[in-house]
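**Q** I would like the atomic coordinates for the input below:
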Amino acid sequence: MREVQESIKDSVHKLLCDRIAFYELSDYKTTETQIINQISGTSFIFKGLQEQNAANIKSLEGIDIVWLEEAQKISRRSWEVLDPTIRKTGSEIWISMNREEENDPIWQALAINPDEHTLIVKVNYQDNPFCPEEMRYLAEKCKRENPQDYEHIWLGAPRSAGDYKLIAYADVRRATENCGLITHSPLIIGLDVARFGDDKSVFCFRRGRVCSEFMSFAKLDNVAVANQATRYIREYNPMRVFIDAGGVGGGVVDILLDRGFKKIVRPVMFGAKAVADDRYHNRRAEMWDELRIWLQQEACVKIPYDERLLAELCAVNKKYDSRGRLQLEEKDEIKKRLGHSPDFADALALTFAEPVYDNSYAEHGIPPENSIESLFQIKHNNNSW
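**A** Have a look, this model is predicted:
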């Protein structure tokens with residue numbers, strides 16, 4: 001099995017057929033789609049995990065061995081469906097992978113804290129007695145010319161996230177640690193509205209340096225999503241509600257504006273022109289980069305500990321357009337890799353759509369904490385910074 005297998009050519013079918021022919025194993029019958037041992041009845045089945053639903057996976061209960069090839073590409077969702085299904089007595093799951101990232105889902109699930117039933121073996125070209133001299137030459141050449149690539153390509157180390165990832169895994173992990181942060185900043189809500197059947201409408205609640213909570217809903221129509229938003233606005237009195245207005249989200253915005261929330265609700269088009277148009281390809285890249293900066297700042301920030309959120313935040317790959325502006329890969333590509341849309345991370349990114357200031361401070365003559373005005377007030381009172 002592998003995460004995506006659109007045809008038999010994507011599988012190890014040919015590799016196995018070549019080995020059978022090489023060793024002249026005449027008891028195996030090979031066809032274009034199957035391999036069957038004519039003596040024992042053993043059969044090889046080739047499947048893509050992403051194309052299977054839970055019911056189809058459960059039909060594999062009688063399987064003796066599952067070989068997960070290219071396992072670094074397997075999503076957490078696929079693993080969580082497969083793992084409890086292979087439970088025949090004595091059954092095993094074999095996993096072969098070249099690590100891509102520090103937070104590869106399979107690595108996180110099994111290798112960080114392996115249990116007594118998990119065996120981890122690191123195998124590289126030096127361990128292969130059949131490795132051709134040409135390959136050894138290429139490895140040594142890469143080691144001399146680009147040690148970082150050598151570590152990844154030839155020794156299996158995960159890639160340096162800074163080369164292609166927008167947000168570093170270490171920054172996200174640090175934000176989940178309890179730093180005892182208390183904030184009185186105004187509440188901002190980000191709402192990513194579901195586009196497709198398996199996507200979720202997600203509300204994110206953030207006050208300054210604290211993202212406190214996410215609320216998600218599946219299979220809600222626009223009116224139901226707007227009703228939830230109305231409830232939160234009335235109950236929590238947010239300063240702003242930023243809503244992804246692309247696609248079906250525009251309908252939610254229209255309902256809320258019609259209900260009188262024009263001062264609070266702000267529609268956001270991910271594909272629209274960025275405020276800093278010279279630096280960002282679109283608003284989506286701009287908001288996500290603001291989120292990255294927020295996570296990297298020296299003052300601690302806080303997000304809930306949730307593996308799905310962590311995976312989504314670290315999943316986005318970056319690139320640069322023809323004008324040298326930051327551009328992010330499409331959501332469909334992220335969804336293919338994760339097995340789901342990055343709805344939670346997008347909801348958090350939406351809270352950075354615009355700067356939000358607490359007008360209530362001005363009404364009471366009290367400047368916000370850490371504002372320029374408050375610093376001048378401190379200097380005036382103490383005659384020092």
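**Q** Counting neighbours, which bits of the strand or helix carrying Glu80 end up buried?
**A** Assessed by DSSP states H and E, Glu80 sits inside helix 76-82. Buried residues in helix 76-82, counting neighbours by 16 or more other C-beta atoms under 10 Å, are found at 76-79, 81-82. All C-beta spots, glycine's among them, are computed from the backbone N, C-alpha and C.
**Q** quick check: domain ranges of this structure?
**A** 8-121, 169-354 (automatic domain parsing).
**Q** right, and the ones you listed - which one's nearest Ala157?
**A** domain 8-121 (6.9 Å; C-beta to C-beta).
**Q** Tell me the gap between that closest one and the middle of its chain.
**A** 24 Å (C-alpha atoms, centre = their mean, to the nearest Å).
**Q** Give the buried residues for stretch 292-310.
**A** Under the neighbour-count criterion of 16+ other C-beta under 10 Å, stretch 292-310 has 292, 294-295, 301-304, 308-310 buried.
**Q** Using CSV, write out the CA atom coordinates for the helix holding Glu80.
**A** Taking Å, rounded to 0.1, in the frame of the first residue of the first chain, the C-alpha atoms of helix 76-82 are listed here in CSV:
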residue,chain,number,x,y,z
ARG,A,76,-2.2,10.8,9.8
ARG,A,77,-5.8,10.1,8.9
SER,A,78,-4.8,7.1,6.7
TRP,A,79,-2.6,5.7,9.4
GLU,A,80,-5.4,6.0,12.0
VAL,A,81,-7.8,4.1,9.8
LEU,A,82,-5.3,1.4,8.8
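**Q** pLDDT on it, on average?
**A** Averaging pLDDT along helix 76-82 yields 84.
**Q** Need the residues that contact the next helix-or-strand element following that helix.
**A** Going down the chain from helix 76-82, the next helix or strand is strand 92-95, by DSSP H and E. Residues outside strand 92-95 that contact it (C-beta atoms under 8 Å, 6 or more residues apart in numbering): 64-68, 71, 82-83, 86, 106, 110.
**Q** For Val223, state which of the residues you listed is nearest.
**A** Nearest member of these to Val223, counting by C-beta to C-beta, is Leu82, at 37.5 Å.
**Q** for the closest one, what are its contacts?
**A** Listed by C-beta under 8 Å, 6+ apart, the contact set of Leu82 reads 1, 49, 57, 66, 93.
**Q** Sitting in strands, which of the contacts of strand 92-95 do you find?
**A** Judged by DSSP state E, the subset of the contacts of strand 92-95 located in strands is 65-68.
**Q** will you turn the buried residues of stretch 292-310 into JSON lines that also has distance to Pro267 and pLDDT?
**A** Converted to JSON lines, the buried residues of stretch 292-310 look like this (distance: C-beta to C-beta, whole Å; pLDDT from 0 to 100):
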{"residue": "Arg292", "distance to Pro267": "23", "pLDDT": "94"}
{"residue": "Trp294", "distance to Pro267": "22", "pLDDT": "94"}
{"residue": "Leu295", "distance to Pro267": "25", "pLDDT": "93"}
{"residue": "Val301", "distance to Pro267": "26", "pLDDT": "91"}
{"residue": "Lys302", "distance to Pro267": "28", "pLDDT": "93"}
{"residue": "Ile303", "distance to Pro267": "25", "pLDDT": "95"}
{"residue": "Pro304", "distance to Pro267": "26", "pLDDT": "93"}
{"residue": "Arg308", "distance to Pro267": "26", "pLDDT": "86"}
{"residue": "Leu309", "distance to Pro267": "24", "pLDDT": "92"}
{"residue": "Leu310", "distance to Pro267": "28", "pLDDT": "88"}
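**Q** between those residues, which is closest to Gln327?
**A** Distances from Gln327 to the buried residues of stretch 292-310, taken by C-beta to C-beta, are shortest for Arg292, at 14.0 Å.
**Q** With only the CA atoms kept, save stretch 164-177 in CSV.
**A** C-alpha atoms of stretch 164-177 as CSV (Å, rounded to 0.1, in the frame of the first residue of the first chain):
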residue,chain,number,x,y,z
TYR,A,164,10.7,25.1,1.7
LYS,A,165,8.4,25.3,4.7
LEU,A,166,6.8,28.6,5.7
ILE,A,167,6.4,27.8,9.4
ALA,A,168,9.0,25.8,11.4
TYR,A,169,7.9,22.9,13.5
ALA,A,170,10.0,24.1,16.5
ASP,A,171,8.1,27.4,16.6
VAL,A,172,4.7,25.7,16.6
ARG,A,173,5.8,23.2,19.3
ARG,A,174,7.1,26.1,21.5
ALA,A,175,3.7,27.8,21.2
THR,A,176,1.9,24.8,22.7
GLU,A,177,4.0,25.0,25.9
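**Q** residues making contact with it?
**A** So stretch 164-177 is contacted by 101-103, 161-162, 288-289, 291-292, 295-296, 300-305, 310, 313-314, 316-319, 328 (C-beta under 8 Å, 6+ apart).
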